[in-house]
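Novice: Quick one: sequence plus predicted model below, questions after.
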Amino acid sequence: MDDELGLSDIRTSYQKGSLEEQKSADEPLSQFKAWLAEALDKGVNEANAMTLATVGEHGRPSSRPVLIKGFDEKGLVWFTNYLSRKGHHLAINPFASLQFFWPELERVIRIEGKVEKLEPVESDRYYASRPLTHRIGAWASPQSQVIDNRKMIVEQAAKYALKYGLTPPRPEHWGGYRLVPDYWEFWQGRQSRLHDRISYKLSADNQWIKQRLAP
């Protein structure tokens with residue numbers, strides 16, 4: 001095994017916080033909101049970025065970062081191209097996982113559940129709030145498809161900017177998804193690799209069961 005970069009010697013001592021059962025929220029959404037608010041308040045880089053993992057028709061997993069654009073008791077929301085690789089995966093297998101990693105706070109949040117498309121009116125509302133260049137970009141990019149060069153994307157952007165001006169409509173192939181959680185896990189780094197892990201699992205009668213997991 002090649003270790004010229006000294007990877008086996010890289011170690012971090014985690015000591016910025018703790019996560020105790022009695023101090024954590026009774027339900028996961030409140031805990032998530034508190035941790036996300038703290039990450040934003042402390043200026044964590046890309047605190048709104050989350051890794052989305054999906055599985056395709058042959059059981060091969062794929063992950064990529066997306067940006068959370070909202071959350072409530074129904075779930076966590078992001079927007080993307082429905083014809084992208086992740087869109088095709090979710091059409092085949094509507095279950096996915098999300099992960100937030102905030103190294104500045106030595107924290108990780110994992111969420112699992114079923115994914116559903118937002119209602120068109122919700123996607124329309126968010127699309128209309130985006131900067132004009134971002135709205136044009138949704139038309140210009142055939143996301144995940146092979147293209148010859150960057151020039152093609154630039155030309156497509158110019159084409160749709162000319163076609164739609166200041167009021168491009170939302171493309172039918174672009175919109176929002178919502179992950180409806182049935183499992184949450186909150187990880188806080190601790191010294192000696194004795195990390196804190198608190199999970200919340202949704203029971204058959206829609207109650208959250210909070211448990212501590214071994215690190």
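Specialist: Great, that's in hand. Numbers count the residues shown, from 1 in each chain.
Novice: all helices of the protein, in order?
Specialist: Per DSSP state H, the chain carries helices over the ranges 28-41, 85-92, 120-129, 132-140, 150-164.
Novice: and the ones you listed as a markdown table, adding distance to residue 1, mean neighbour count and mean pLDDT?
Specialist: Yep, even glycine has a C-beta here, placed from its N, CA and C like the rest. A markdown table is the format used below for the helices of the chain (distance: least, C-beta to C-beta, whole Å; neighbours: other C-beta atoms under 10 Å; pLDDT from 0 to 100):
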| stretch | distance to residue 1 | mean neighbour count | mean pLDDT |
| --- | --- | --- | --- |
| helix 28-41 | 35 | 16 | 98 |
| helix 85-92 | 31 | 18 | 97 |
| helix 120-129 | 46 | 14 | 98 |
| helix 132-140 | 42 | 18 | 96 |
| helix 150-164 | 37 | 13 | 94 |
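Novice: Would you tell me which of these gets closest to residue 54?
Specialist: For the helices of the chain, distance to residue 54 was read as C-beta to C-beta. The smallest value, 3.7 Å, belongs to helix 85-92.
Novice: Figure out how far that closest one is from the centre of its chain.
Specialist: What separates the centre of helix 85-92 from the centre of its chain is 15 Å, taken as C-alpha atoms, centre = their mean, to the nearest Å.
Novice: Same question for stretch 36-44.
Specialist: With C-alpha atoms, centre = their mean as the basis, stretch 36-44 stands 16 Å off its chain's centre.
Novice: can I get the helices of the chain in a markdown table with distance to residue 205?
Specialist: A markdown table is the format used below for these (distance: least, C-beta to C-beta, whole Å):
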| stretch | distance to residue 205 |
| --- | --- |
| helix 28-41 | 16 |
| helix 85-92 | 27 |
| helix 120-129 | 29 |
| helix 132-140 | 41 |
| helix 150-164 | 49 |
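Novice: So for residue 107, which of those helices sits nearest?
Specialist: Ranking the helices of the chain by proximity to residue 107 (C-beta to C-beta) places helix 28-41 first, at 6.4 Å.
Novice: who's in contact with the spatially most central residue of the chain?
Specialist: Geometric centre of the chain, nearest residue: residue 50, 3.3 Å, by C-alpha atoms, centre = their mean. By C-beta atoms under 8 Å, 6 or more residues apart in numbering, residue 50 lies in contact with 65, 66, 67, 68, 76, 78, 98, 99, 100.
Novice: Out of the residues you listed, list just those in strands.
Specialist: Judged by DSSP state E, the contacts of residue 50 include 65, 66, 67, 76, 78, 98, 99, 100 as members of strands.
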